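1. Sequence and predicted structure below; questions after.
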Amino acid sequence: MDRYAVIYNPHSGQNNGESVGQKIEQALIKNHHEVKLMPTEGPQDATHLAKKAARADFDVVVAVGGDGTINEVVSGLAALDQPPYLGIVPAGTVNNLARVLQIPLDIDQAIENLQQVHMRPLDVGQVNDDYLISTMTLGILADAALNVTQSEKQKWGLFAFLSKGIHALAKHQHYPLTIETPNRHWQKDTQFLLVTLTNSVGGFTNFNPEAKPDDGYFHVFVAPKMSLARSVMFLPYFLTGNFKKIPGMTYFKANEITITTDNQERVQTRIDGDPSAKSPLKMQLLERKLQVITPAPAI
Ligand SMILES: Nc1ncnc2c1ncn2[C@@H]1O[C@H](COP(=O)(O)OP(=O)(O)OP(=O)(O)O)[C@@H](O)[C@H]1O
């Protein structure tokens, strides 16, 4: 028998976290597992609940929600010496990380997946005092995402981000940055910077096929300054995963990065969908990876 702590966000996705939590509880009890349901009461609560579950020696901590909820659960586990296994039941809007890890988006199948034995290592990044599991954006992509309300996201999904993104591009804002890795140094005036740990951003999969969720690198794109017309012209590259082909785009990978906003200009950043740390951003990959329950690869 395994002991599962199930942390669910009642307000992620279509507000069905509670019914999904109950479904998980029934299925696990039926198979003679011990289950504790832990609903969140607000933002950041999932981090405290995950720490509490680890202290109580649960074998598996399940995050029920989207990348925001998974991020908060991981934030409670990442610093532990012997963290419990991470389970994911996708109940968010976009479910970017679940897609990357090929966790079924169907709830019943995702619950089945929780009860099998295949584990996969998952990189966790640290940005100042925050943790990162999926994507960090800075500049107009972060501004655009900040202007998407939860109800617009529920109604329009990815298209809500696209339309706000085009609005943000039209403002033609740009940000002077200094970017440093142990080996290199860049001075860039950019419209946006994007850091990803996986091959998918906002549900656009195959975005960067080279990036794997356990390869030990941040994959960094620094966009050139572009007119709105050029940005719209290159939108298909973004959507089809050919981001690197956009003329003037800088791409590199590193496991340690410092990003400083020149002139102390206020720049929005978002980490896994939530507003976050301010300049300078000191980023590093944690040495210890988490183990996440995923379907076994097809032979
Ligand atoms: N009880 C709660 N009430 C209100 N907000 C909450 C609560 N619990 C968590 N949150 C916040 O809700 C935010 C969104 O959650 P989450 O990312 O899981 O769903 P989503 O945005 O619908 O999905 P996705 O990230 O897949 O698009 C989280 O960042 C979290 O801080």
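-> In hand now; what should we look at? This structure is a prediction, so every number in the text was calculated from the model and none was measured.
2. which residues does the most centrally placed residue in the chain contact?
-> By CA atoms, centre = their mean, the chain has its centre lying nearest to residue 134, at 2.9 Å. Neighbour list for residue 134: 67, 70, 71, 96, 97, 100, 196, 197, 198, 200, 272 [criterion: CB atoms under 8 Å, 6 or more residues apart in numbering]. In short, each C-beta sits where N, CA and C put it, glycine included.
3. Among those, find me the one that's closest to residue 172.
-> Comparing those against residue 172 with CB to CB places residue 196 closest, at 24.2 Å.
4. Kindly state the beta-bridge partners for that closest one.
-> residue 135, residue 219 (DSSP bridges).
5. Show me the helices in the stretch 1-150 of the chain, by range?
-> 17-30, 45-55, 67-77, 96-100, 107-114, 140-146, 150-156 (DSSP state H, counting those that start in this stretch).
6. quick one: which of the contacts of residue 134 is nearest to residue 30?
-> Using CB to CB, the contacts of residue 134 come closest to residue 30 at residue 70, 25.2 Å.
7. Nearest spatial neighbour of that closest one, chain-adjacent residues omitted?
-> With sequence-adjacent residues excluded and distances taken as CB to CB, 6 or more residues apart in numbering, residue 70 is closest to residue 63, at 4.5 Å.
8. Then residue 285?
-> residue 255 (4.3 Å).
9. Read off the pLDDT value for that neighbour.
-> We have a pLDDT of 96 for residue 255.
10. For the closest residue to residue 50 other than its chain neighbours, give me its contacts.
-> Among residues not flanking residue 50 along the chain, residue 76 sits closest, at 2.9 Å (CB to CB, 6+ apart). By CB under 8 Å, 6+ apart, the contact list for residue 76 reads 46, 47, 48, 49, 50, 51, 53, 54, 61.
11. could the contacts of residue 134 be laid out in TSV, adding neighbour count?
-> Shown next, in TSV, are the contacts of residue 134 (neighbours: other CB atoms under 10 Å):
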residue	neighbour count
67	29
70	30
71	27
96	27
97	27
100	25
196	26
197	27
198	24
200	24
272	26
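12. from these, which single one is nearest the ligand?
-> residue 67 (4.0 Å; CB to the nearest ligand atom).
13. Does residue 98 touch residue 105 like I think?
-> Yes. Between residue 98 and residue 105 there is a contact under CB atoms under 8 Å: 6.7 Å.
14. Neighbour count for the two, which is higher?
-> Comparing residue 98 with residue 105 by other CB atoms under 10 Å, the one with more neighbours is residue 98, at 26 against 13.
15. Find the nearest non-adjacent residue to that one, please.
-> Nearest one to residue 98, counting by CB to CB, 6+ apart, is residue 90 at 3.7 Å.
16. How about the contacts made by that neighbour?
-> 66, 98, 99, 103, 104, 105, 107, 110.
17. Could you do residue 75 as well?
-> Here residue 75 is in contact with 46, 47, 50, 130, 131 (criterion: CB under 8 Å, 6+ apart).
18. Compare those residues and tell me which has the most neighbours.
-> Neighbour-wise, the contacts of residue 75 (other CB under 10 Å) top out at residue 46, 29 neighbours.
19. ok, now how distant is the closest residue to that residue other than its chain neighbours from the ligand?
-> Closest residue in space to residue 46, ignoring its immediate chain neighbours: residue 72 at 3.6 Å, by CB to CB, 6+ apart. For residue 72, the distance to the ligand equals 6 Å [CB to the nearest ligand atom, to the nearest Å].
20. which bits of the chain sit near the ligand?
-> By the rule CB under 6 Å from any ligand atom, the part of the chain lying against the ligand is 9-13, 40-43, 45, 65-69, 72, 92-95, 273-274.
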